[in-house]
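Q: Provided below for reference: sequence and predicted model.
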Amino acid sequence: MSAAAPALVRRVPRGPLRPARDALAVAGRNLIAYRRVPQLLVFSTIQPVIFVLLFRYVFGGAVRSLPGVPYVDFLIPGIFVQTTVFGAIGTAVGLATDLKSGLLERFRSLPMARSAVLAGRTLADLARNVFVATLMAVVGFAVGFRVHTGALAFLFAMVLVLLFGYSLSWVFATVGLAVGDPETAQAAAFPVMAPLVFASSAFVPVSSMPGWLQPFANHQPVSVTASAVRALVIGGPTTADVLQALAWCTAILLVFVPVAVRRYRRTV
Amino acid sequence: MSDTAILVEGLAKRFGDVVALDGIDFQVPAGTVFGLLGPNGAGKTTAIRILTTILRPDGGRAEVLGLDVVGQAEEVRYRIGLAGQYAAVDPNLTGRENLRLTGRLAQLPAADAHARADELLGRFELTDAADRPARTYSGGMRRRLDVAAALVQRPQVVFLDEPTTGLDIHSRNALWEMIRELVADGTTVLLTTQYLEEADRLAHRIAVVDGGRVIANDTPAALKSQLGSTVIELRMGEAARALEAGDLLAERLRARPERDGATVRLSSGDGARLLIDVLRLLDDHQLAPATLAVREPSMDDVFLALTGHRAEGAAAEGAHRAGRGPGRRGGP
């Protein structure tokens, strides 16, 4: 090339750390949005708080909880799980927004790790879930929720909730990339989410549902995770519930990480 | 390294039943500006997306700086900059953060990314707005930020997809100036545009694209000499008078008038002379036009001259589009 060729540019050496570095850069960028547009965070916290108050003080009296368990102790583990499901919609909306704005196109023309956009997005959503789950725990304790087991079991329960939220992020990442438009993503996410959240043991015991619905409601991931969280904080046999919940998270990740990645490679 | 910055051979791409690129060829010498001129849907954006490694072609091949855009995509990405059709900046990040992020993702060391961001903010007159979220920027500022982001890694080849669409005249001129400076520094620029004037002002060479094919590839001067530098439009008020005027002009002047409803259109390399002759002749025959316009040839005129038909959909966008469409861009 001619002498006028642009000066050489210093680069970070290519190495095994690049995917992590790029994912963190993208995650940092996504987290800034929560700081700049606090509405994003406020809406994803106000709604679960309203659910807590609604079920605790309005519907709660009419719900027959499990024998010997105060309804509030039944409810709050369900709320933890439900909150992460609703929160995962943010993953779909965020990716659809980036897709529509042309930002993903720019990213794909850059020498960055191909995995960074999805890894960064889901990582940022995990960080958001840590914040929201902490807040929900505080709200839960304020309305009378008590852990009957111990701090360690409670911590493990929260990790399980976050893991479940993380695996759901990959489901909704796929949805967001597939529809490519934030409003549509929001609309498309609801029918996926509604049966999972409402036909589950998140708010009411499955035994109160009609017989035909019970097999689904008993075994679908939201119920299973809620049961595992309940077992961990209320006490009693926990192993089977926790293993089932971990199995669901693993299965969802095994299916949806490759699906989302393939979708990302083919989209834009 | 070769002196050909971009090499495109038989490039083809289809989206389902829609043929976006039907085998295009062109070459861009290093350090020059190459314009892809064509209406919406001609395949310009598809070509850019293949050259910037975003899309894989279905057929043919393309090289940037001698590197294959499919087989050596990663190497290509280290050497190019892209400003796509929409200002692809994160509205929640400040201008400075946007450029730093792009720098980091282009694998610049943090200190270099920061320094480069500051330098580009100054160069694009964004220093005062550098620490405001980009969503508070005007359309022109956003676009400048977007082009700045394309330059963060000092690319050797820059792709600009309709860079001035939606810009006011001041911003447009500033961007044109910036492109000239880039090229003076040895950068190669490929830009797409719907406006002949833009291609004419900036590009050393222009490929006219229509329906996924290159229908002309020449210097702006040669293209313009093919169709004359001035277009005269006579609006006769009614079709019958236009027909009469057209016949008269065709018969008496060495011009090839084209009639479109009540409008007669002529083009010439010597617009002033032609205008005088036309008006004198029409006046002598009591065929004075209701209104008339004298203008530079538009892309539509180029198309007409090259293909004998008007660019599809061109009527709807005779003027600069007001803004960048909000919808996600479709494939073709």
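A: Cool, the structure landed. Residues are numbered from 1 along each chain as shown, chains lettered A, B, ... in the order given.
Q: show me what from the stretch 51-200 of chain A comes close to chain B.
A: Contact residues, the stretch 51-200 of chain A versus chain B (C-beta under 8 Å from any C-beta of the partner chain): A:99-103, A:105-112, A:116, A:180-181. Heads up, the C-betas are built off the backbone N, CA and C, glycines and all.
Q: how about a cut-off of 7 Å?
A: A:99-103, A:105-112, A:180-181 (C-beta under 7 Å from any C-beta of the partner chain).
Q: elements contacting the helix or strand where residue A:156 lies?
A: In this structure, residue A:156 sits in helix A:151-179 according to DSSP states H and E. The contact analysis (3 or more C-beta pairs under 7 Å, 6 or more residues apart in numbering or on different chains; DSSP states H and E) places helix A:151-179 against helix A:71-101, helix A:116-142, helix A:182-198, helix A:221-234, helix A:239-266.
Q: tell me which residues in the last one are buried?
A: I take that to be helix A:239-266. A:241-242, A:244-246, A:248-249, A:252-253, A:256-257, A:259-261, A:263-264 (16 or more other C-beta atoms under 10 Å in any protein chain shown).
Q: any part of it near chain B?
A: No: Helix A:239-266 lies apart from chain B when judged by C-beta under 7 Å from any C-beta; the minimum separation is 9.6 Å.
Q: report the inter-axis angle for that helix versus helix A:71-101.
A: 10 degrees (axes from the mean of the first three to the mean of the last three C-alpha atoms, to 10 degrees).
Q: so for helix A:239-266, mean pLDDT?
A: Confidence over helix A:239-266 (mean pLDDT, whole number) is 94.
Q: which strands and helices sit next to it?
A: For helix A:239-266, the elements it packs on are helix A:116-142, helix A:151-179, helix A:221-234, judged by 3+ C-beta pairs under 7 Å, 6+ apart.
Q: same for the last one, what does it pack against?
A: When you say that, I think you mean helix A:221-234. Using 3+ C-beta pairs under 7 Å, 6+ apart, helix A:221-234 sits against helix A:71-101, helix A:151-179, helix A:182-198, helix A:239-266.
Q: most packed of these?
A: helix A:71-101 (a mean of 25; mean count of other C-beta atoms under 10 Å in any protein chain shown).
Q: which is the next helix or strand following that helix?
A: Using DSSP H and E, the first helix or strand after helix A:71-101 is helix A:103-109.
Q: okay, now the domains of chain B?
A: Following automatic domain parsing, one gets these domains for chain B: B:4-218, B:230-295.
Q: measure the last one end to end?
A: For domain B:230-295, the first-to-last residue distance is 6 Å (C-alpha to C-alpha, to the nearest Å).
Q: and the longest one, by the same measure?
A: Counting by C-alpha to C-alpha, you get 16 Å between the two ends of domain B:4-218.
Q: residues from chain B in reach of chain A?
A: Residues of chain B lying near chain A (C-beta under 7 Å from any C-beta): B:1, B:30-31, B:52-54, B:74, B:77-78, B:80, B:82, B:84-86, B:88, B:90, B:92-93, B:97, B:101-102, B:104-109, B:112, B:133, B:149, B:153-154, B:156, B:185-187, B:328.
Q: now the helix or strand residue B:300 falls within: buried residues?
A: Assigned by DSSP H and E, residue B:300 belongs to helix B:299-307. Under the neighbour-count criterion of 16+ other C-beta under 10 Å, helix B:299-307 has B:299, B:300, B:301, B:302, B:303, B:304, B:305, B:306 buried.
Q: if we can go back for a sec, among the buried residues of helix A:239-266, which one sits closest to residue B:193?
A: Residue B:193 has its nearest neighbour among these in residue A:264, at 30.2 Å by C-beta to C-beta.
Q: and the gap between residue B:208 and residue B:194?
A: Separation of residue B:208 from residue B:194 (C-beta to C-beta, to the nearest Å): 11 Å.
Q: residues in contact with stretch A:116-133?
A: A:19, A:22-23, A:25-27, A:30-31, A:34, A:44-45, A:80, A:83-84, A:87, A:90-91, A:94-95, A:104, A:107, A:158, A:161-162, A:165-166, A:169-170, A:173, A:260-261, A:264 (C-beta atoms under 7 Å, 6 or more residues apart in numbering or on different chains).
Q: how many residues are close by residue B:40?
A: Using other C-beta atoms under 10 Å in any protein chain shown, residue B:40 has 17 other residues around it.
Q: need the contact list for the nearest residue in space to residue B:237 that is not next to it in sequence.
A: Closest residue to residue B:237 apart from its sequence neighbours, by C-beta to C-beta, 6 or more residues apart in numbering or on different chains: residue B:290 at 4.1 Å. Counting by C-beta under 7 Å, 6+ apart, residue B:290 makes contact with B:235, B:236, B:237.
Q: list the contacts of the closest residue to residue B:188 other than its chain neighbours.
A: The shortest distance from residue B:188 to any residue other than its chain neighbours is 3.8 Å, reached at residue B:5 (C-beta to C-beta, 6+ apart). By C-beta under 7 Å, 6+ apart, the contact set of residue B:5 is B:28, B:29, B:30, B:64, B:65, B:157, B:188.
Q: where's residue B:5, which helix or strand?
A: Using DSSP H and E, residue B:5 falls in strand B:4-15.
Q: what's the residue closest to the geometric middle of the chain?
A: No chain was given, so I picked chain A. When chain A is reduced to its mean C-alpha position, the nearest residue by C-alpha atoms, centre = their mean turns out to be residue A:165, at 2.7 Å.
Q: I was after chain B.
A: Geometric middle of chain B (C-alpha atoms, centre = their mean) lands on residue B:193, at 1.1 Å.
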